[in-house]
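Colleague: Take this sequence and fold it.
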Amino acid sequence: MPRTKGKRRRNGQATNQHAKSSDESNESGSKKQRGTHSSDDTRSGLVLTLGEGDVGQLGLGEEIMERKRPAIVPSIADRSVVQVVCGGMHTVALTTDGKVYSWGCNDEGALGRRTSGMHQESVPGLVSFPEHVVQVSAGDSHTVALTDDGKVFCWGSFRDANGPIGLTPDQKKLEIPIKIIDNTSSYGRAVGISSGNDHVAVVTSRGILLSWGVAEQGQLGRIAECLSVRGGRRGLAAILNPGVVRFTRRHGRCPFITNVFCVSYHTFAISSNDEVFAWGLNNYGQLGLGDTTKHFMPGHMTDLPSHNGKKVSLVQFTGGQHHSIALGSNGRVYVMGRTDYGRLGLGEGVEEPHIPVEIPEFQNVKVVAGGGAVSLAVTNEGVAYAWGMGTNYQLAADEDNDVHSPDRMRGKNLEGKKVISISAGGQHTALLVCQKD
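Modeller: Numbering: from 1, shown residues only. Next comes the predicted model:
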């Protein structure tokens, strides 16, 4: 396909992130547990970025428009970064002392700090924050932060098919952090957060799942289809105020949710009994439920994979616009959804799987990540692999061609380094690395 250059948001929309259509040819227990996401390793390291950087999302300055190989983000090289996440066209880093840095497109306030141009947006800047942050997540035009005492703050904006809708019912966008969830809620304190393109989900200490944001594709898991467009007759408050996702009782009780994973337009949740639930956009079978029907309420995944005759627990989910990636407890990777551009890593000419299918001869994986039409993974040895669409240079491959099976990421700045975590945005990739032992 023609090479897609990164572009500044037009009407607040990130290129390659808006996939409301089903046709991607138009794509440009009571145990307290935090979500198992791709940046949960507590070691600190250097931030590397690559891919398209037209709006400053690489953090390398306003003169750097792209990088084919991972480059060190110099202005935070002396910070102890423990998490880095990519939004659609912005990037967020978290340090060991609970400080948040952001860079990239700020048209909708996703950076959480007021800027006056690319010279301030194309390099990391400190987000003024009243709390100690322990986890961050990022979507197309928003960012979320979880504090050490269980509060949730957000900034930026959500966007549906008709344009921006804001983060709260009374504001179009928030340029600085605002508290969305307090730690005194009857639902329990927040212990894990996750962002899709335009929705957010939070797990609480009581095993309850809350969600808010755009509901058009069923991604909230709690809004009926007749109310999914801006809350219908109930208005924006129905979708932009956090609400409880209800699960069908199984064996006489509701599942205790321990982890949540928001993907572009769909969501996965895992219970304390290792049950998997999925909902949202499903036009390519990316929910893994065995069908291609959009689900507005949680569906129970019953076709879990097996290995050597034993059922495999799925412990982590990620993905892109029309595909999903799951990590098994056995360190193997399972995929489902659209196959174009090699994003599933199953090779060329494969059929579209609607239930989790294992990537052959790929094991010892500890982290998976995805975005748009790319997929990423990190092994227990700290080696990063990438596959999928190559036109935005997100894969660190030898060429900018599509890659149809996991391929080791290359670059001078990866030599002698161990990859801790990895994240993919609409057109860029970020890695957290440290020196090999």
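Colleague: avg pLDDT for whichever strand or helix holds residue 404?
Modeller: Here residue 404 sits within strand 403-408, counting by DSSP states H and E. The average pLDDT for strand 403-408 rounds to 98.
Colleague: Let me know the pLDDT of residue 308.
Modeller: 87.
Colleague: To clarify, my last question referred to residue 185.
Modeller: At residue 185, pLDDT is 86.
Colleague: which stretches of the stretch 151-300 of the chain form strands?
Modeller: 152-156, 158-160, 163-166, 174-181, 190-195, 199-204, 209-213, 243-244, 257-262, 266-271, 276-280, 295-300 (DSSP state E, counting those that start in this stretch).
Colleague: can I get those strands in CSV with mean neighbour count?
Modeller: Where you see a C-beta, it was placed from the backbone N, CA and C, and this is true even at glycine. Compiled in CSV, the strands of the stretch 151-300 of the chain are given as follows (neighbours: other Cβ atoms under 10 Å):
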stretch, mean neighbour count
strand 152-156, 26
strand 158-160, 25
strand 163-166, 18
strand 174-181, 19
strand 190-195, 24
strand 199-204, 27
strand 209-213, 26
strand 243-244, 15
strand 257-262, 26
strand 266-271, 26
strand 276-280, 25
strand 295-300, 20
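Colleague: now for the ones you listed, which one comes closest to residue 339?
Modeller: Nearest to residue 339, of all these, is strand 266-271, at 17.0 Å by Cβ to Cβ.
Colleague: who does the closest one touch, helix- and strand-wise?
Modeller: The contact analysis (3 or more Cβ pairs under 8 Å, 6 or more residues apart in numbering; DSSP states H and E) places strand 266-271 against strand 199-204, strand 257-262, strand 276-280, strand 314-319, strand 323-328.
Colleague: Quick one: these as TSV, columns for mean pLDDT too.
Modeller: Formatted as TSV, these follow (pLDDT from 0 to 100):
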stretch	mean pLDDT
strand 199-204	98
strand 257-262	98
strand 276-280	98
strand 314-319	98
strand 323-328	98
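Colleague: Make JSON lines out of these and add distance to residue 417.
Modeller: Output for the helices and strands packed on strand 266-271, formatted as JSON lines (distance: least, Cβ to Cβ, whole Å):
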{"stretch": "strand 199-204", "distance to residue 417": "32"}
{"stretch": "strand 257-262", "distance to residue 417": "27"}
{"stretch": "strand 276-280", "distance to residue 417": "33"}
{"stretch": "strand 314-319", "distance to residue 417": "22"}
{"stretch": "strand 323-328", "distance to residue 417": "22"}
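Colleague: Do you have the helices of the protein handy? List them.
Modeller: For the chain, applying DSSP state H gives helices covering 118-121, 237-240.
Colleague: Which strands or helices does the last one pack on?
Modeller: Pointing back at helix 237-240 there. Using 3+ Cβ pairs under 8 Å, 6+ apart, helix 237-240 sits against strand 209-213.
Colleague: Okay, now the sheet partners of the strand it packs on, with direction.
Modeller: strand 199-204 (antiparallel), strand 243-244 (antiparallel) (DSSP bridges).
Colleague: Show residues contacting that strand.
Modeller: With contact meaning Cβ atoms under 8 Å, 6 or more residues apart in numbering, strand 209-213 is reached by 139, 158, 180-181, 187, 196, 198-204, 219-222, 239-245, 247, 257, 260, 267, 269.
Colleague: and if you look at stretch 155-174?
Modeller: So stretch 155-174 is in contact with 11-13, 18, 20, 108-112, 139-143, 154, 175-178, 180, 198-199, 213-214, 216, 229-230, 235-237, 240-241, going by Cβ under 8 Å, 6+ apart.
Colleague: Flag the shaky bits of the stretch 1-150 of the chain, pLDDT-wise.
Modeller: When residues are selected by pLDDT under 70, those of the stretch 1-150 of the chain lie in 1-41.
Colleague: does residue 386 really touch residue 376, like I thought?
Modeller: Yes. With contact defined as Cβ atoms under 8 Å, residue 386 counts as touching residue 376 (5.1 Å).
Colleague: more neighbours, the two?
Modeller: Neighbour tally, residue 386 and residue 376, criterion other Cβ atoms under 10 Å: the higher count belongs to residue 376, 29 against 25.
Colleague: What's the local residue count around the closest residue to the more buried one other than its chain neighbours?
Modeller: Sequence neighbours aside, residue 369 is the residue nearest to residue 376 in space, at 4.3 Å (criterion: Cβ to Cβ, 6 or more residues apart in numbering). Other residues near residue 369 come to 28 when the count uses other Cβ under 10 Å.
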